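*Asks:* Here is my input, please return the structure:
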Amino acid sequence: MNVIRTSVTNSDAIDGEAATAQLLPADSARSVLVGRVWDPDTGGPRIVTVRDDQLLDLTDEFSTVAELLEHAAPGPAVARAAAPVRWSLRDVVASSAGADPDVPRLLAPIDLQVIKACGITFTESLIERVIEERCRGDFTRASAVRGLVMDALGGSIAVAPGSPEALRVIEVLTAQGMWSQYLEVGLGPYPEVFTKAPVLSSVGHGSAIGIPSFSEWNNPEPELVLVVDSGGRVKGATLGNDVNLRDVEGRSALLLGMAKDNNASCAVGPFIRLLDGDFTLDVLRDEEITLQIDGRDGFHLEGHNSLSRISRTFEELVGATYGVHHQYPDGFALFTGTLFAPTQDRGKAGMGFTHRPGDRVTISSPHLGTLMNTTAPTEELPPWELGLLAMSKYLAGLGPARTLHP
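*Replies:* Numbering: from 1, shown residues only. I've put the predicted structure just below:
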């Protein structure tokens with residue numbers, strides 16, 4: 001099958017080349033990357049892998065990413081698949097900033113997996129959640145409350161969750177009138193695990209991410225996302241933006257769904273990197289995830305998420321999500337939390353950070369590449385339409401995949 005090239009201008013091509021160079025992992029030649037592309041010819045998603053500067057279509061072998069990840073050795077299966085070249089990676093990246101159904105574009109690389117997330121997995125995120133709660137969603141009080149909380153903590157927390165030392169910190173804060181339900185998941189024996197977004201609702205690299213107009217205090221959350229099969233085995237990893245409405249959650253933790261789950265509020269990508277002999281969970285334990293925000297108003301912010309500072313192991317987080325208490329027959333994608341919460345003032349002193357329309361949010365890491373999205377009012381974005389029913393009809397029209405067995 002011939003490579004499909006989309007129509008782009010010279011400037012688009014230049015931008016596409018630069019974007020492609022940044023999109024892939026630093027060691028992309030040694031990585032096995034799997035993703036999804038919107039195919040206007042069939043009116044649905046195709047499963048792809050990256051080889052050199054091309055996207056190869058795996059859909060005849062694996063009709064969904066979930067099916068691929070159920071393979072005992074997905075990496076070698078992808079390597080030996082008789083997959084035709086369908087698209088130029090550069091051209092698809094260049095056309096991914098829009099939602100035009102008539103051109104190929106990158107989609108979130110997950111499909112049938114349940115989208116789960118762990119919160120308060122870093123000390124810094126614990127502190128920010130306590131601040132939100134005590135502010136009751138009022139961002140104008142954040143700076144003053146942050147000082148009170150840090151004074152109560154003696155400047156920092158460096159204890160293992162569930163340990164006797166952690167329980168004593170809870171006692172100290174409670175005695176000072178600063179008990180919070182967030183302390184229980186940040187320092188207690190059990191992590192917070194919640195459902196971030198519905199199956200198939202995530203957006204991919206280049207797509208707009210939605211910020212509802214009812215929120216006045218919000219931020220991105222750059223995170224490592226583990227991709228897990230139906231047996232609780234981590235098969236790969238990717239990057240994610242767990243967009244959060246701080247004012248909404250700060251009013252009440254019972255508004256978590258409203259704060260987390262909105263149209264286009266979950267970005268994942270650019271590709272899933274499959275685990276192999278060189279790329280392991282141990283590599284990810286030291287991964288550095290960087291965040292950059294560039295606003296139309298000239299605002300610029302940088303931050304990072306150091307996985308080495310996470311307070312619970314990946315195995316603990318997966319074990320809290322999957323087990324005899326809960327199964328996921330199609331697997332799940334697990335956001336692992338972030339230590340970064342932007343506090344840099346974007347206007348008046350002490351008012352902190354919040355998104356504005358048109359913010360370009362770039363999340364990168366050496367082994368996973370770059371996920372870039374631009375913020376927009378949720379109400380102005382295209383509605384989510386490709387749900388499970390539409391996906392089922394699309395897959396039925398493709399016919400059975402020739403799944404490779406080990």
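*Asks:* so where's the chain shaky on pLDDT?
*Replies:* Applying pLDDT under 70 to the chain flags the ranges 1-19, 137, 139, 152-158, 401-406.
*Asks:* which residue lies farthest from the center of it?
*Replies:* Ala175 (36.8 Å; C-alpha atoms, centre = their mean).
*Asks:* From Arg30, how far off is it?
*Replies:* Distance of Ala175 to Arg30, given as C-beta to C-beta, to the nearest Å: 53 Å. C-beta: built from backbone N, CA, C; applies to glycine.
*Asks:* Ile289 now?
*Replies:* With distances taken as C-beta to C-beta, Ile289 is found 20 Å from Arg30.
*Asks:* and the two? which has more neighbours close in?
*Replies:* Ile289 (23 against 10; other C-beta atoms under 10 Å).
*Asks:* And stretch 54-69, end to end?
*Replies:* Taking C-alpha to C-alpha, to the nearest Å as the measure, stretch 54-69 stretches 21 Å from start to finish.
*Asks:* go on, stretch 227-243?
*Replies:* Using C-alpha to C-alpha, the two ends of stretch 227-243 sit 19 Å apart.
*Asks:* Also stretch 204-212?
*Replies:* Note: stretch 204-212 ends 19 Å apart using C-alpha to C-alpha.
*Asks:* what's the offset of it from the middle of its chain?
*Replies:* The chain centre lies 11 Å from the centre of stretch 204-212; the measure is C-alpha atoms, centre = their mean, to the nearest Å.
*Asks:* how does this structure divide into domains?
*Replies:* The chain breaks down by automatic domain parsing into domains covering 10-107+388-398, 114-119+192-380, 123-187.
*Asks:* what's the closest non-adjacent residue to the residue nearest the centre of the chain?
*Replies:* The residue lying closest to the centre of the chain (C-alpha atoms, centre = their mean) is Gly240, at 1.4 Å. Closest residue in space to Gly240, ignoring its immediate chain neighbours: Val225 at 4.1 Å, by C-beta to C-beta, 6 or more residues apart in numbering.
*Asks:* Give me the buried positions along the helix or strand where the one you found lies.
*Replies:* Counting by DSSP states H and E, the element that carries Val225 is strand 222-228. Neighbour-count burial for strand 222-228 flags Pro222, Glu223, Leu224, Val225, Leu226, Val227, Val228 (criterion: 16 or more other C-beta atoms under 10 Å).
*Asks:* And stretch 164-184, by the same measure?
*Replies:* Of the residues in stretch 164-184, those buried (16+ other C-beta under 10 Å) are Ala166, Leu167, Val169, Ile170, Leu173, Met178, Ser180, Tyr182, Leu183.
*Asks:* shouldn't Ala77 be in contact with Leu69?
*Replies:* No. In this structure Ala77 lies outside contact range of Leu69 using C-beta atoms under 8 Å: 10.2 Å.
*Asks:* out of those two, which sits in the more crowded spot?
*Replies:* With neighbours defined as other C-beta under 10 Å, Ala77 and Leu69 compare such that Leu69 has more, 25 against 20.
*Asks:* For the more buried one, list the residues it contacts.
*Replies:* Going by C-beta atoms under 8 Å, 6 or more residues apart in numbering, Leu69 touches Val227, Asp229, Lys235, Gly236, Gly331.
*Asks:* same thing but at 7 Å, please
*Replies:* Contact partners of Leu69, counting by C-beta atoms under 7 Å, 6 or more residues apart in numbering, are Val227, Asp229, Lys235, Gly331.
*Asks:* what about the last one, how many neighbours?
*Replies:* Read that as Gly331. 25.
*Asks:* For the residue nearest to the centre of the chain, I want the exact helix or strand it lies within.
*Replies:* Counting by DSSP H and E, Gly240 is part of strand 234-242.
*Asks:* what's next to stretch 375-388, contact-wise?
*Replies:* 99, 199-201, 208-213, 262-264, 355, 357-359, 361.
*Asks:* Return the subset of those residues lying in strands.
*Replies:* Of the positions in these, Ala208, Ile209, Gly210, Ile211, Val361 sit in strands, assigned by DSSP state E.
*Asks:* Now, of these, which are buried?
*Replies:* Those of the ones in strands among the contacts of stretch 375-388 that meet the buried threshold are Ala208, Ile209, Gly210, Ile211, Val361, by 16+ other C-beta under 10 Å.
*Asks:* Share the number of residues neighbouring Gly204, please.
*Replies:* Using other C-beta under 10 Å, Gly204 has 24 neighbouring residues.
*Asks:* Am I right that Arg129 is in contact with Tyr182?
*Replies:* Yes. Using C-beta atoms under 7 Å, Arg129 is in contact with Tyr182, at 4.1 Å.
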